[in-house]
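> Compute the structure for the input listed below.
(2 chains, ligands or ions: 1)
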Amino acid sequence: MNEHLILALRATVGEQYVVIERNDLWVYRHDGSVDHAWPGAVVLPVTTEQVSKVVQLATAANVPVVARGAGTGLSGGAVANGTILLSLNRMRRILDVSAANRTALVEPGVVNIDISKAAHQYGLYYAPDPSSQKACTIGGNVAENAGGPHCLRYGMTNNHVLGMEVVLEDGSAVWLGGSHRDAPGYDLAGAFVGSEGMFGVATKILVRLLKEPEAVRTYLAIFNSMEQASSAVSGIIGGGIVPAALEMMDALAIRAVENTRPMGYPLDAEAVLLVEVDGLREEVDEDGVDVLRICREAGARDVRVAESEEERERLWAGRKGALGALGTIAPNYVLVDGVVPRTRIGEALRRVSEISKEYGLPIANVFHAGDGNLHPCIVFDERKPGETGRALAAGGAILKACVDLGGALSGEHGIGLEKQEYMPLLFNSDDLRTMGWLCAGFAPRGLFNPGKVFPRGAPAKPTNVRPITASKNGDAWI
Amino acid sequence: MQPRIDVIASLFSGLGETPTRTAPYTVDGTAPRAVVIPKNVPTLQEALKIAKANNLGVLPRGGGTMMGIGNRPTRTDLVLCTKNLDTLVEYEPADMTVTAQAGISMKRLRETLADHSQFLPLDVPLPDRATLGGVLAANIAGAHREAYGTARDWVIGIKMAHADGSLTKAGGKVVKNVTGYEMTKLYVGSLGTLGVITEATLKVLPIPAVRRTLVARFPSMADACSAAMEIHRAGIGTLACVAVDIGARPRIKAQMPVLTLDDALLLVEIGGRKAAVERRQSDLVSLLRNQFSVPCDLVASDTTALWQSLTDMGWSTENSPVFSMRLLNTPTAVVEMYPQIREALRLESFTVGSIMQASIGVLRVVAWPQPGTAIAPKDMADWVTAFRAAAARTGGHIIVEQCSPQIKQALAVWGEPPESISVMRRIKEQFDPTGILNPGRFVGGI
Ligand SMILES: Cc1cc2nc3c(=O)[nH]c(=O)nc-3n(C[C@H](O)[C@H](O)[C@H](O)COP(=O)(O)OP(=O)(O)OC[C@H]3O[C@@H](n4cnc5c(N)ncnc54)[C@H](O)[C@@H]3O)c2cc1C
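This next block holds a predicted model:
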């Protein structure tokens, strides 16, 4: 990267906050996917003014800027090739928690769970709970429109972000949305969420807080077949109950969990459902009775209830440990994030199991069943010739199956580099052009995170093949 | 160069109905030069292409319930009406999603969903006429927003016909979807300035098993609002909680306590399953008794009709207001500004009705004329400008929803454009480079 630019960047954020040495850049090559590239320089600003200045310098030098939070993204969004990688990790102040307005104003580098921790003293919390919430940042959540198990009832990031301060290409910092409802004009805040870092750099974010529920109850329902578990999912949703969370795990995942860290899941079960209901005590009682009945009617051979907070955590721990546990089966996996309408879950799972046979690779399912967001995890061994290619092809086949069932490519992880070549499965060139228009409205020069989301016309390339051992967190879950 | 007036209507022949009497389609005092009611989506696209080729200003229209929203159009050439695109495309109750064309009436959509004990939790004025497309484009929110959010939270897919006649889709039919940008968020509330919505997919909810409305009388709006804030803080989980003044009372279709001039009513809706509703009711009653020494009674009348009548306030054509506005501000500022705004309107000899959602800082004020009163447009404009300045001090806005074309001439209905206006203008330029869609109607003259 141009020496003058480096000097100017250093003058802006301070000598030690511009990283250009290969040894130090190593950790910035990856996000949570396998896509990787060397950034030209990592710049770590600490104020909005510094971000503005850096962006101005980048615009003047015509060097793209890629924002980065915690780098837990699963679609290559924070991977920068030769450009400026703008790490927002030093901007991690919680600026305000307002109990009266039920909002929090935070900097983008604040870790998701820390918002709920700060709000807890007021009996409030921040609802979207990506499984990476102990590590991922609110800036990354905004860029990806992150989800999580409790988004079934409470909605995704976009339903909880009221506004943000954004630095645009010309270095100006503007507010989109804000605390007052119905601010006149286009819903730019809503459009910014999920823009995968391509519209600008979020430097402050105003989020909505919810009141902590009075009561929570968690069930583990055990089934002898995936069909039964799927029909329990339909029964619960169709019965007019919207649980806080409704997660499914199949036999392969159950066995992987039990082989790693026994949680008491029956080894001969074909599927388990984790169902959580919350709200007033009365609501939890009423919904709980129905959940029990529906699971039993669907053929559950046992339904356990967490009797204490410790038991609840234990039930979740099994679910949370599932992805890491899959490492006991094979060294690598491809994680697919397709979504289908809820009524097609059963069919989708059958297709996944056929694809598993067709491609000769085991596929585990650990997923957000309540909203139809599958996470088939194709396990393989990259050392065996041809397996990587086969696993990727199987992933593509699953995405295609999801689209054929009326679904979509990604429920929460984003497109990034990983799925950009699959976009034409869902969107034609006219559809994609409108996305281009929106992007051009925010960033006419395309300075931010170029080369993501839109297909490049090249055939799908090997991505998201990730050694399980490299997973960021032993108890990582998806 | 635009074609002569008599030529314009003929450009669109064969695309659907083309009523020759355009007066009923008047917008802000001006009748359009032509009206087309396309019979299907391809003809709607064709109409857009023709309009663009001839540089005609296009005003999209659904049921026509909210055509008064926005600045006066700078050009009123073609009204493009979606009301014949009214197919229910797909409804799978177990998916809890529904897809319909833009022209479907909200009433029909509501009835279809109700057959399966589901509903779309949006407060829509005049649902028998309002269309889905219009509701999404105008994005007016009502009393239930505090529990359910607004249209942006329920739309998961949109099909849009653009200024160049192309038809695109955004989002999809699944409830969780991050495949590409959130185009649906951009489209909802874009007031027809980016394209014409032709179809939408929405999430729906099961209808709560039990719904009840409770009412309490307070000596002032400020007192009613303190109670509303307290209810909010206590986390009782209301579906709606609004304070209304004496002017709004006659609009409510339910038996209501009698009020004197400054009194206010607090209307609270609760819902859910039986035991939970009982609990909410008793929490509410004891909160109002213990902290405000105010009794709180169950309203005997139909809850749905009651809230619909509040939603309809100021929109019905029989008794149309001279003016209506929304103040969006901090809860404290809203409570403070209310008496001043009401007084100013009463000095003009209007009948004034107000609905306040204190917990989220929204005040809606509607003013009806009394026989023999005349409006001085200039005074009204000055008056709104003064209150806008006051609201701006706490970061608030005043949006004028309805007023006469004369007042509009002296007043930007949306107020000062936000600081992100340059982004909005660039987006508009991308989607509609020649500016034919609802020209001038939106924020900052977009
Ligand atoms: C174990 C594990 C579990 C996960 N579970 C979930 C889950 O349950 N649900 C879910 O949705 N995701 C999940 N994810 C994915 C990931 O955690 C989320 O996408 C998260 O939102 C990324 O946040 P981050 O801070 O790590 O962002 P990064 O990976 O650093 O960046 C992601 C994107 O955001 C952009 N970006 C970052 N900060 C900003 C900013 N301030 N302004 C503009 N753009 C910015 C980047 O350019 C990039 O495009 C999981 C990941 C892992 C590793």
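> so what's residue 417 up against?
Chain wasn't specified; assuming chain A. Counting by C-beta atoms under 8 Å, 6 or more residues apart in numbering or on different chains, A:Leu417 touches A:Ser33, A:Asp35, A:Ser75, A:Gly76, A:Gly77, A:Val79, A:Gly451, A:Lys452, A:Thr463. To be clear about C-beta, it is placed using only N, CA and C from the backbone, and glycine gets the same treatment.
> actually it's chain B I care about, not the one you picked
A:Pro184, A:Gly185, B:Met424, B:Val443, B:Gly444.
> Quick check: it vs A:Ala221, distance?
Distance of B:Pro417 to A:Ala221, computed by C-beta to C-beta, to the nearest Å: 54 Å.
> still on that earlier bit, out of the contacts of B:Pro417, what pair is the most spread apart?
Largest separation among those by C-beta to C-beta: A:Pro184 and B:Met424, giving 9.7 Å.
> helices and strands of the chain: which one bottoms out on pLDDT?
Picked chain A for this. The helix or strand of chain A with the lowest confidence, counting by mean pLDDT, DSSP states H and E, is strand A:466-467 at a mean of 38.
> Please state the backbone phi and psi of residue 131?
No chain in the question, so chain A it is. A:Ser131 adopts backbone torsions of phi -60, psi -20, taken as degrees, to the nearest 10.
> ah, no, chain B please
Note on B:Thr131: backbone dihedrals following degrees, to the nearest 10 are phi -110, psi 160.
> For the residue nearest to B:Ile375 when sequence neighbours are not counted, list the residues it contacts.
Residue nearest to B:Ile375 in three dimensions, not counting chain neighbours: B:Val322, with 5.7 Å by C-beta to C-beta, 6 or more residues apart in numbering or on different chains. B:Val322 sits next to B:Phe350, B:Ala367, B:Trp368, B:Pro369, B:Ile375, B:Cys403, B:Ser404 when contact means C-beta under 8 Å, 6+ apart.
> got the contact list for B:Thr311?
The contact partners of B:Thr311, by C-beta under 8 Å, 6+ apart, come to B:Asp123, B:Val124, B:Pro125, B:Gly142, B:Ala143.
> Name the nearest residue to B:Arg342, sequence neighbours excluded.
If the residues on either side of it in the chain are set aside, B:Arg342 comes closest to B:Val352, at 5.3 Å by C-beta to C-beta, 6+ apart.
> Now name the helix or strand holding the one you found.
Using DSSP states H and E, B:Val352 sits in strand B:350-357.
> Name the strands paired with that strand and say parallel or antiparallel.
Sheet pairing here is set by DSSP bridges, and for strand B:350-357 it gives strand B:240-245 (antiparallel), strand B:362-369 (antiparallel).
> which other residues reach the last one?
By C-beta under 8 Å, 6+ apart, the list of residues contacting strand B:362-369 from outside reads A:181-182, B:247-248, B:313-314, B:319, B:321-329, B:334, B:337-338, B:341-342, B:345, B:348, B:350-357, B:375, B:401.
> Would you confirm that A:Gly235 contacts A:Ala298?
Yes - using C-beta atoms under 8 Å, A:Gly235 is in contact with A:Ala298, at 5.6 Å.
> Burial check on residue 281, number of neighbours?
I went with chain A, as the question did not name one. Neighbour count of A:Arg281, defined by other C-beta atoms under 10 Å in any protein chain shown: 14.
> ah, no, chain B please
Neighbours of B:Gln281 under the rule other C-beta under 10 Å: 18.
> Identify the residues contacting it.
Contacts for B:Gln281 (C-beta under 8 Å, 6+ apart) come out as B:Arg212, B:Leu214, B:Ile270, B:Leu298.
> Look at the third one and say how many residues are nearby.
When neighbours are defined as other C-beta under 10 Å, B:Ile270 has 26 of them.
> Can you classify it by secondary structure?
strand (DSSP: H, G, I helix; E, B strand; the rest coil).
> what does the second one give?
Secondary structure of B:Leu214, reduced to three states by three-state DSSP: strand.
> Isn't it up against B:Leu265?
No - judged on C-beta under 8 Å, B:Leu214 makes no contact with B:Leu265 at a distance of 10.5 Å.
> and stretch A:56-71, what's its mean pLDDT?
Stretch A:56-71 carries an average pLDDT of 97.
> Stretch B:98-106 now?
Stretch B:98-106 comes out with an average pLDDT of 98.
> Return that stretch as CSV; C-alpha atoms alone will do.
The C-alpha trace of stretch B:98-106 is given here as CSV (Å, rounded to 0.1, in the frame of the first residue of the first chain):
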residue,chain,number,x,y,z
VAL,B,98,-49.5,-14.6,3.1
THR,B,99,-48.9,-13.2,-0.4
ALA,B,100,-51.3,-10.9,-2.2
GLN,B,101,-51.3,-8.5,-5.0
ALA,B,102,-51.1,-4.8,-4.1
GLY,B,103,-54.7,-3.9,-5.0
ILE,B,104,-56.4,-6.3,-2.5
SER,B,105,-58.4,-4.5,0.1
MET,B,106,-57.3,-4.7,3.6
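> shaky segments in the chain?
Since no chain was named, I'll use chain A. A:457-478 (pLDDT under 70).
> Can you look at chain B instead?
Using pLDDT under 70, chain B drops low at B:1-6.
> Show me what residue of it gets nearest to the ligand.
Nearest to the ligand, among the residues of chain B, is B:Val178, at 7.8 Å (C-beta to the nearest ligand atom).
> circling back to that earlier point, find the residues that touch each one of A:Pro184 and B:Met424.
B:Pro417, B:Pro418, B:Val443.
> ok now do the closest residue to A:Gln50 other than its chain neighbours, which residues does it touch?
When the adjacent residues along the chain are set aside, A:Gln50 lies closest to A:Val13, with 5.2 Å between them (C-beta to C-beta, 6+ apart). Under the criterion of C-beta under 8 Å, 6+ apart, the neighbours of A:Val13 are A:Val43, A:Leu44, A:Pro45, A:Val46, A:Gln50, A:Val54.
> Can you tell me the SS state at the fourth one?
Under three-state DSSP, A:Val46 falls in the coil class.
> How about the contacts made by it?
Contacts of A:Val46 (C-beta under 8 Å, 6+ apart): A:Val13, A:Tyr17, A:Arg90, A:Met91.
> again, 6 Å this time
By C-beta atoms under 6 Å, 6 or more residues apart in numbering or on different chains, the contact list for A:Val46 reads A:Arg90.
> for A:Ile415, same thing?
A:Ser75, A:Val453.
> gap between it and A:Arg456?
From A:Ile415 over to A:Arg456 the distance is 12 Å, taken as C-beta to C-beta.
> what's the neighbour count on B:Ile197?
B:Ile197 sits with 30 neighbouring residues when counted by other C-beta under 10 Å.
> So A:Ala317: helix, strand or coil?
At A:Ala317 the chain is in helix, as set by three-state DSSP.
> likewise B:Thr434?
Applying three-state DSSP: B:Thr434 is coil.
> Now for it, how many residues are close by?
Burial of B:Thr434 is recorded as 12 neighbouring residues (other C-beta under 10 Å).
> which one is A:Arg261 nearest to, not counting chain neighbours?
Leaving aside its chain neighbours, A:Arg261 sits nearest to A:Gly321 (5.7 Å; criterion: C-beta to C-beta, 6+ apart).
> Need the phi and psi values for the one you found.
Note on A:Gly321: its backbone torsions stand at phi -80, psi 0 [degrees, to the nearest 10].
> was I right about the residue of chain B closest to the ligand contacting A:Leu409?
No - assessed by C-beta atoms under 6 Å, B:Val178 is found out of contact with A:Leu409, at 8.7 Å.
> So which bits of stretch B:213-229 are buried?
Neighbour-count burial for stretch B:213-229, counted by 16 or more other C-beta atoms under 10 Å in any protein chain shown, picks out B:213-218, B:220-229.
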